[in-house]
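*Asks:* Kindly generate the corresponding structure for this input.
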Amino acid sequence: MLSIALLVVQIICLCFTLPFSWLMFRIWDTAVRRLHKAKEAQGEPATSFVILVPAHNEETSIAATVLSLRALDYPRQLFEILVIADNCQDTTANVARTEGAEVLERFDQTKKSKGFALEYALDTLQKRETHPDAIVVIDADTTVDAGLLKAFDRRLQSGQDWLQAYYTVSNSNDSWRTQMMRLGFAHFNGLWLLGQDTLGMGSALRGNGMAFSWLGLQRCPWQAYGLAEDVEFSWHLRMKGERVFFVPEVQVYGEMIDNNPAAVASQRLRWEHGRKQLRKTFGREILHSGWPLARKFIHLSDLYMPPLGGFALRLLFTLLAAILFYQSESTEWMEGLQGICLGLAIGQLLNFAIYLFMPFILMGIPKSYLKLFVIAPFYVVWKAGLMLKRAPSSWIRTERKK
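*Replies:* Next comes the predicted model:
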C-alpha cells in the first residue's frame, strides 16, 4: 500500500514539473542553436519614431533618460521624445522639457497605471494629422544603447511589427541584490525570450524597450491596464495571431531599487501577482481557442510557468518523492516504474541546472556572478514569504529613496 501511495505522489509531482521542464529544455536548447550576435542595420534609416516615456514623479531620473534618448545614433528628424507626465506631483514635466523632450501632462485619479498613460498618449497621437511609423516605449529610469532605433528600424523594414529589446539592469554593481536582478533578468528577459523567439511562439513583452509599428497598433490597439500590463498585452497579441520578435542585439538598462527594502518587496509583489491575474484571464481563452493541441500545450506551459525559485522547490520535492518511491518495497511490475520516476526526477534537475548556467554562455553574465547561487536559496525563501502577502488591487508606483 505504501508503494502505491508513493507512486501516486510521484505521478502528481511529475505532472506539476514535467511540462515546465520540457518547455525549459526547448527554451535553452533553441537559444543555444541561435547564439545571436550583434547585427548591423542595413540600408538608410527610414522609420519615423515617437519614443513614449511614461513617468510618474520621476524628477530624479528623467533627465538622464531624456539625455540618453537624445544621444541615439539615428537621424534626429526621424524621432521624437514624448514624456508622459502622468499624475505627477513633482517637477518631472519641467525637468523633461528643460532637457529637450516634448511633454504630455495627464491627470486622472481614477485610471492610474502605466497602461492608462500609454493609452492616453496613443490616443493623443492618433488625433494628429500625421502619424509616426512606429512607437517605442522606454521607462523613465532607463538608459539605452545608441543603436536602439537602428536595430528597430531594420526589423520594422523587414515586416516585423512588434519588437522587444533586451531589458537589463543599469546599476547591477550596487549590491548583491542588484546583481541578482541582473542574473534574473538574463533568464527572464534574455534567455527565455531568445528561446521563445527561436521556437516561433513569439516573445513576451517586458514593458521597457518595446517597439510597435503604427500599422500593428491599428490592427491591435493597446488594451492592457493590469499589474503586469506588458505581459498582458503580449497575450492579447498572441490570441489575435500576432507575433512579438526579440531584438537581443540592443539593450535598455533600467535602474533597480536597492536602498528601500519595502519598495523592493512591493515591486516584486506587484510583478508576481500580476502574472497570477494573467492565468485567470488567458488560461480559459487558450483552452477554447482553435489552436492545435501542441500549440495550446506550449502556451499553457508558458502561461503557468512558476518563478524559478518556486520551480526549484517543486523539483526538489519531486526528487525526494522519487527517492522514497525507489527505496520502497514493491512488486516486480513496479520496479521499472521506480527507475523511470527516479530517472525523470534526476533528468529534470540536470535540465534546470543547465538552464541556470546558460546566461553565462549566451547573455554575457560575468563568471563572478556564480557566487550568487550561494545566496539564491535565501532569496527564494524571501520571495516565498512575500507571496503570502496580500496582492495589490491596483498599480502603485514603486517608491525610491532620494
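
*Asks:* which non-adjacent residue is nearest residue 367?
*Replies:* Distances taken as CB to CB, 6 or more residues apart in numbering place residue 360 nearest to residue 367, at 6.5 Å, with adjacent residues excluded. Glycine gets a C-beta too; all of them are placed from N, C-alpha and C.

*Asks:* and that neighbour, what does it touch?
*Replies:* 366, 367, 369, 370 (CB atoms under 8 Å, 6 or more residues apart in numbering).

*Asks:* now residue 53
*Replies:* Per CB under 8 Å, 6+ apart, neighbours of residue 53: 62, 65-66, 69, 81-84, 96, 101, 137-140.

*Asks:* do that again at 7 Å, thanks
*Replies:* Residue 53 makes contacts with 65, 81, 82, 83, 84, 138, 140, as judged by CB atoms under 7 Å, 6 or more residues apart in numbering.

*Asks:* on that earlier part again, that's a strand at the residue nearest to residue 367, yeah?
*Replies:* No: applying DSSP: H, G, I helix; E, B strand; the rest coil, one finds residue 360 to be helix, outside a strand.

*Asks:* what's the average pLDDT for stretch 28-41?
*Replies:* Mean pLDDT, computed over stretch 28-41, is 74.

*Asks:* now the helices for the stretch 301-402 of the chain?
*Replies:* For the stretch 301-402 of the chain, the helices defined by DSSP state H, counting those that start in this stretch occupy 308-327, 332-362, 372-386.

*Asks:* Now mean pLDDT too, for those, in a markdown table please.
*Replies:* Converted to a markdown table, those look like this (pLDDT from 0 to 100):
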| stretch | mean pLDDT |
| --- | --- |
| helix 308-327 | 92 |
| helix 332-362 | 93 |
| helix 372-386 | 74 |
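
*Asks:* so can I have JSON lines of those showing distance to residue 146?
*Replies:* What follows is the helices of the stretch 301-402 of the chain, written out as JSON lines (distance: least, CB to CB, whole Å):
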{"stretch": "helix 308-327", "distance to residue 146": "32"}
{"stretch": "helix 332-362", "distance to residue 146": "23"}
{"stretch": "helix 372-386", "distance to residue 146": "29"}
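
*Asks:* Can you say which of these is packed in most?
*Replies:* Highest mean neighbour count among those (mean count of other CB atoms under 10 Å): helix 308-327, with a mean of 18.

*Asks:* contact partners of that one?
*Replies:* Residues contacting helix 308-327 (CB under 7 Å, 6+ apart): 6-7, 9-10, 13-14, 16-17, 20, 187, 306, 338, 341-342, 345-346, 348-349, 352, 379-380, 383-384.

*Asks:* How far off centre is that helix?
*Replies:* Helix 308-327 has its average C-alpha position 27 Å from the chain's average C-alpha position, going by CA atoms, centre = their mean, to the nearest Å.

*Asks:* Over to stretch 46-56?
*Replies:* Mean C-alpha position of stretch 46-56 versus that of the full chain (CA atoms, centre = their mean) differs by 20 Å.

*Asks:* Quick one: mean pLDDT over that stretch.
*Replies:* Across stretch 46-56, pLDDT averages out at 97.

*Asks:* Could you export that stretch as PDB, CA atoms only?
*Replies:* C-alpha atoms of stretch 46-56 as PDB (Å, rounded to 0.1, in the frame of the first residue of the first chain):
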ATOM      1  CA  ALA A  46      13.700  55.200 -42.900                       C
ATOM      2  CA  THR A  47      11.300  54.600 -39.900                       C
ATOM      3  CA  SER A  48      10.000  57.600 -38.100                       C
ATOM      4  CA  PHE A  49       9.500  57.000 -34.300                       C
ATOM      5  CA  VAL A  50       7.800  58.600 -31.300                       C
ATOM      6  CA  ILE A  51       9.500  57.400 -28.100                       C
ATOM      7  CA  LEU A  52       7.000  57.400 -25.300                       C
ATOM      8  CA  VAL A  53       8.400  57.700 -21.800                       C
ATOM      9  CA  PRO A  54       5.700  57.200 -19.100                       C
ATOM     10  CA  ALA A  55       6.700  59.000 -16.000                       C
ATOM     11  CA  HIS A  56       5.100  59.400 -12.500                       C
END
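
*Asks:* buried set for it?
*Replies:* For stretch 46-56, a neighbour-count test (16 or more other CB atoms under 10 Å) marks 47, 48, 49, 50, 51, 52, 53, 54, 55, 56 as buried.

*Asks:* In TSV: those residues, plus distance to residue 148 and secondary structure.
*Replies:* Output for those, formatted as TSV (distance: CB to CB, whole Å; DSSP: H, G, I helix; E, B strand; the rest coil):
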residue	distance to residue 148	secondary structure
47	12	coil
48	15	coil
49	10	strand
50	14	strand
51	9	strand
52	14	strand
53	13	strand
54	17	strand
55	18	strand
56	23	coil
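
*Asks:* Can you pick out the most distant pair from those?
*Replies:* The span of the buried residues of stretch 46-56, defined through CB to CB, is set by 47 and 56 at 28.4 Å.

*Asks:* how about the helices in the stretch 1-150 of the chain?
*Replies:* Ranges of helices in the stretch 1-150 of the chain, per DSSP H, counting those that start in this stretch, are 2-15, 18-34, 62-70, 92-98, 114-126, 148-157.

*Asks:* quick check: angle from the second one to helix 308-327?
*Replies:* Taking axes from the mean of the first three to the mean of the last three CA atoms, to 10 degrees, one finds that helix 18-34 is oriented at 120 degrees with respect to helix 308-327.

*Asks:* Pretty sure residue 379 sits against residue 180.
*Replies:* Yes: the criterion here is CB atoms under 7 Å, and residue 379 meets it with residue 180 at 6.1 Å.

*Asks:* quick one on the thing from earlier: separate out the buried members of the contacts of residue 360.
*Replies:* Using 16+ other CB under 10 Å as the burial test, these include residue 369 as buried.

*Asks:* Which among the helices of the stretch 1-150 of the chain is found nearest to residue 235?
*Replies:* The closest approach between residue 235 and any of the helices of the stretch 1-150 of the chain, judged by CB to CB, belongs to helix 114-126 at 13.5 Å.

*Asks:* Next, the angle from that closest one to strand 49-55.
*Replies:* Orientation note: helix 114-126 sits at an angle of 140 degrees relative to strand 49-55 (the same axes, to 10 degrees).

*Asks:* Give me the buried stretch members for helix 114-126, please.
*Replies:* Using 16+ other CB under 10 Å as the test for burial, helix 114-126 gives 114, 115, 116, 117, 118, 119, 120, 121, 122, 125.
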